[in-house]
Structure formats: structure tokens, C-alpha cells
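K.L.:
after the sequence you'll find the predicted model.
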Amino acid sequence: MQYFEVTGGQRLKGKVTISGAKNSALPIMAACMLVDGETSLHNVPDLADVRLMIDLLARLGVKSHRDDDGVLHLEVRDEKNVHAEYGLVSKMRASVCVMGPLLAKRKRAQVSMPGGCAIGDRPIGLHIQGLTALGAEFELRNGDVCLQSKQLIGREIFLGGPFGASVTATANVIMAATLATGRTVIESAACEPEIVDLAEFLNASGARITGQGTPIVTIDGVDSLKGTTHHVTPDRIEAGTFIIAAAITNGDVELVNAKPEHLGAVIDRLQRIGVIIERCKAGMMVSSSRRLEPVDITTQPYPGFPTDLQAQAMALLSLADGNSTITEKIFPDRFMHVGELNRMGAKLRKEGPTVIIEGVKNLIGAPVMASDLRASAALVLAGLVATGTTQIRRTYHIDRGYERIEEKLTGLGANIRRLSE
Ligand code: EPZ
């Protein structure tokens, strides 16, 4: 079993290139099942989750390969299989994104219910609500969601859930509606940049989508879509993670290919903490003053503060000069990192969906356990600044969403090694 060993105390300096967005690449790869001909995707990160999606799509008849320039080419060769099995879906919740394309193009979909995970319950009622609203028949059979429809019909659909909009439910309904008859209007659609990127890919393939990035998205169905070339948008969560890495080590880092326009809420909060973030030609320059101010953060759907940076912000605020709070409004149970950060000397106290953070002078290296993708990143960030050495076990969590993180951090001067037990 592999683990990371991080020795704290190095200030990060230099340039880091931000990879393509995992949460944009995954739905776009699923959307390739809607198009006739070959799709070529540039800037797809080489991640465990991307390899899982390639495996799932291969079982669904999609042939794919990466060329020497790293461009991912995908083409549908066989449309017989429509079953996304539990074995794969349970490993990666984003597998649910194949539901909309299968239903729209192959008229049937059988996708295992994803079940829960370390960040909490992961229901898919909104996905089913949106797809049945387009006319699909639904049945739950042995833990699989079974949907079928001879022809989807566009209509107005409200897709708001108890925690606001759903990113992948919005993606599924947009994808299905591209081949439906007539107009679909989604109300309370997710506004994330990854949804915008998916819509731009689909429009380049011949779809007719407007309003992407706003809560009202309109899709006028077309008869078919054609393969195209698309450049996946940069990963705003990886960028946010490296901004916090620069801040927590009091470093001086240039992020190449980052899009500041995707990080408004994050930049707002971090600047209040005392992080200096400036736009530059390549992306963003980040440095920080020694003294970190406490702030209050609440996670919200985009353009609010992203839940995927909550754990990383908690690591940073553990060292602020005073008390901060973080309230998690998207996944109320997303606090597996609290206990691990406390093992490193943080003073965190959970009160329902809020964690009260009493700033401490420093963190102390310790053996800790990663629980989910973003919590793992938070533990690495804490290790970068902790006194002594931190061992972070279950590195497979972090490999799901960060491309070669230890190489990128080492390139900035961090002392991090990937070792095996
Ligand atoms: C996407 O997950 C991201 N994953 C998550 O990133 C991210 O944390 C999340 O959006 C929120 O931004 C991908 O895009 C692959 P949701 P998703 O549906 O779509 C509730 C990462 O670290 N809900 O927007 O699964 C749900 O329980 C991952 O990269 C329902 O109630 O999240 C949650 O409370 C983790 N019913 C809220 O909505 C539904 O049918 C938002 O979930 C669907 C969701």
C-alpha cells in the first residue's frame, strides 16, 4: 500500500501548470456516446477517475486511445450494452453521467445506484426526476436504475434539490435533451464552469444549448450530433488547492493555465485571510503575508465557495490568528478530515454542519489517514507546513483527482515522497 511522506517547512516557490478539470472531462467523455464519429479531447488529465471512465465506456462499446500528444480520442463502435454495473459505479459516482447519453442515444440505460461515500449520502433522485420528465419510463431493479424511452420529449423541468442544484443531474438532463424532440428548459440548473464546458462541447458537436452557466438552461433537440475536437477547461479545484498550498507555506507561486474567473468566491475569502492573489498573463500569482486573518466560510453551489475546497481551506484556517468557522451546506457530513487535522495539533470542533476553528501557532507532523479525495489534499497541505514529518495513507484517494501531485509539489520545493509499506 502506498503512502505519502511529507516533511514540513519548505516555502513553495516557482511555477505549476494546472491540469484539465476532472469534473468537466468525466461528463464530456460520457457525452461522446451521443455523437456519431470520433471525438478528440485535449487537456484531459491522467487520473484514476479518468481511467475508470475509459474502462466503463469500453464496456459500453466506446473505443478510446490517447495519442502521443496526450489527446484522448473516443469513438462509439457498438451500442448493444447499456448496463453500467455496480462494480464500477460504486468506485466512481461520476459513472452516473452515462445515464443521460445512453437513454437518449440507445433508448435504454441500466445504471447501478451509486450508494454513499466518505462525504455522505449521494442520492440520484434529481437525475431520475429530470429524465422521467423527458418521458423516460423508470424502474428500480436489483439496485439498478432502469430507464427506457422510444423518443424523449422536451419540456420545462425544475431540477432544484434540498441542497440547491445538482451538477451531474444537470449534466445528465442536458445531455439527454440534446437528442429529445422539441425544447427543454431546465430551471434551477447547476451553474458550475464544468456545466458550461460540457454545453460548449455539445454545441460544437451540433447541439443547440443556451443559458449554460445560469440557472435557466434551454436545449432545442436535434436529430444527431457529430464528433468534434474540444479542449477541456482547467481544473478550478486543483488551482484552488495550489493557491492554498502557496498560502499555507507562505510561498510565492505562479499558477499556469488557471482561470481566476472560475474562483471568485475563493479569491474573495483568501484575500480576506491575507493571501495576495494577482492575475498574470499565464494565470495567477499567489503569495501570502505571514499573519493569516480568521474568516467565516460557507460552502454553496457555484458561484459560491466550492465544497471541494472546504477541507483545504480548513487546513489553512487552522493556522489563522483567531477563530474561524466553516459551514458545509452541500455535503453536511463532509468532515472526515477534522479528526485527522486535530491529530496534527489543529483545534477544530464540529457543531452540526459547522466546524469552529481555533487558530494555532503550528501543526505537528503525524501519521494520518486520507478518507476522500479532497480531505487527502487537505492533509498534504497540512503536512507541507507541519513541524516534522507526516505520513498520509490511502494515497489512492488523492490520485483520483490530482495529476502527479507529488511531482508538482516537489517542483515547487516541497519535501514530499510517495513510498510503499
Ligand atoms: C459534483 O458531484 C462533483 N463531482 C463533486 O466533486 C462536487 O463536490 C459536487 O458536484 C458539488 O459541487 C463531479 O462533478 C463528478 P451534486 P455531484 O449532485 O454532481 C444533493 C470531487 O471532489 N443531491 O451537485 O454528485 C447531494 O446529496 C467531487 O471532485 C440530491 O439531493 O453533486 C448534495 O447534497 C466530490 N439529489 C447536493 O445535492 C440528487 O439527485 C449537490 O450534489 C443529486 C444530488
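P.N.:
Cool, got the structure.

K.L.:
so which residues on this structure come close to the ligand?
P.N.:
22-23, 26, 93-94, 121-127, 161-163, 166-169, 307-308, 330-331, 373-374, 401 (C-beta under 6 Å from any ligand atom). Where you see a C-beta, it was placed from the backbone N, CA and C, and this is true even at glycine.

K.L.:
make a ChimeraX selection of the buried ones in these.
P.N.:
Remark: buried members of the residues of the chain next to the ligand, expressed as a ChimeraX selection using 16 or more other C-beta atoms under 10 Å:
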select :22,23,26,93,94,123,124,126,127,163,166,167,168,169,307,308,330,331,373,374,401
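
K.L.:
give me the next element, helix or strand, following the helix or strand hosting residue 380.
P.N.:
Element membership of residue 380 [criterion: DSSP states H and E] is helix 373-385. For helix 373-385, the following helix or strand on the C-terminal side (DSSP H and E) is strand 389-393.

K.L.:
the nearest residue to residue 54 once chain neighbours are set aside in helix, strand or coil?
P.N.:
Distances taken as C-beta to C-beta, 6 or more residues apart in numbering put residue 64 closest to residue 54, at 5.4 Å, once the chain neighbours are dropped. Secondary structure assignment for residue 64 (DSSP: H, G, I helix; E, B strand; the rest coil): strand.

K.L.:
need the contact list for residue 64.
P.N.:
29, 54, 57, 58, 72, 73, 74, 75 (C-beta atoms under 8 Å, 6 or more residues apart in numbering).

K.L.:
quick one: pLDDT of the fifth one?
P.N.:
What it means is residue 72. Note for residue 72: predicted pLDDT of 98.

K.L.:
and it, how many residues sit next to it?
P.N.:
Neighbour count for residue 72, taken as other C-beta atoms under 10 Å: 23.

K.L.:
ditto for the third one
P.N.:
Under the neighbour criterion other C-beta under 10 Å, residue 57 is assigned a count of 22.

K.L.:
quick check, it in contact with residue 74.
P.N.:
Yes. In this structure residue 57 lies within contact range of residue 74 using C-beta atoms under 8 Å: 6.9 Å.

K.L.:
that older thread, which residues pair with the residue nearest to residue 54 across the strands?
P.N.:
Counting by DSSP bridges, residue 64 is bridged to residue 74.

K.L.:
now, among the contacts of residue 64, which is nearest to residue 199?
P.N.:
Nearest to residue 199 among the contacts of residue 64, counting by C-beta to C-beta, is residue 29 at 15.2 Å.

K.L.:
quick check: next helix or strand after the helix or strand of the chain with the lowest mean pLDDT?
P.N.:
Least confident helix or strand of the chain, by mean pLDDT, DSSP states H and E, is helix 86-89 with a mean of 90. Sequence order places helix 99-106 as the next helix or strand after helix 86-89, per DSSP H and E.

K.L.:
partner strands of whatever helix or strand comes next after that next one, with direction?
P.N.:
Scanning forward in sequence from helix 99-106 by DSSP H and E, the next helix or strand is strand 108-112. Using DSSP bridges, strand 108-112 pairs in its sheet with strand 83-84 (parallel), strand 144-148 (antiparallel).

K.L.:
show me where the chain has helices.
P.N.:
Assigned by DSSP state H, the helices in the chain fall at 22-31, 48-59, 86-89, 99-106, 125-133, 167-177, 193-204, 236-248, 264-273, 310-317, 336-343, 373-385, 396-399, 405-411.

K.L.:
for residue 395, give me phi and psi.
P.N.:
In terms of degrees, to the nearest 10, the main-chain angles of residue 395 are phi -60, psi -10.
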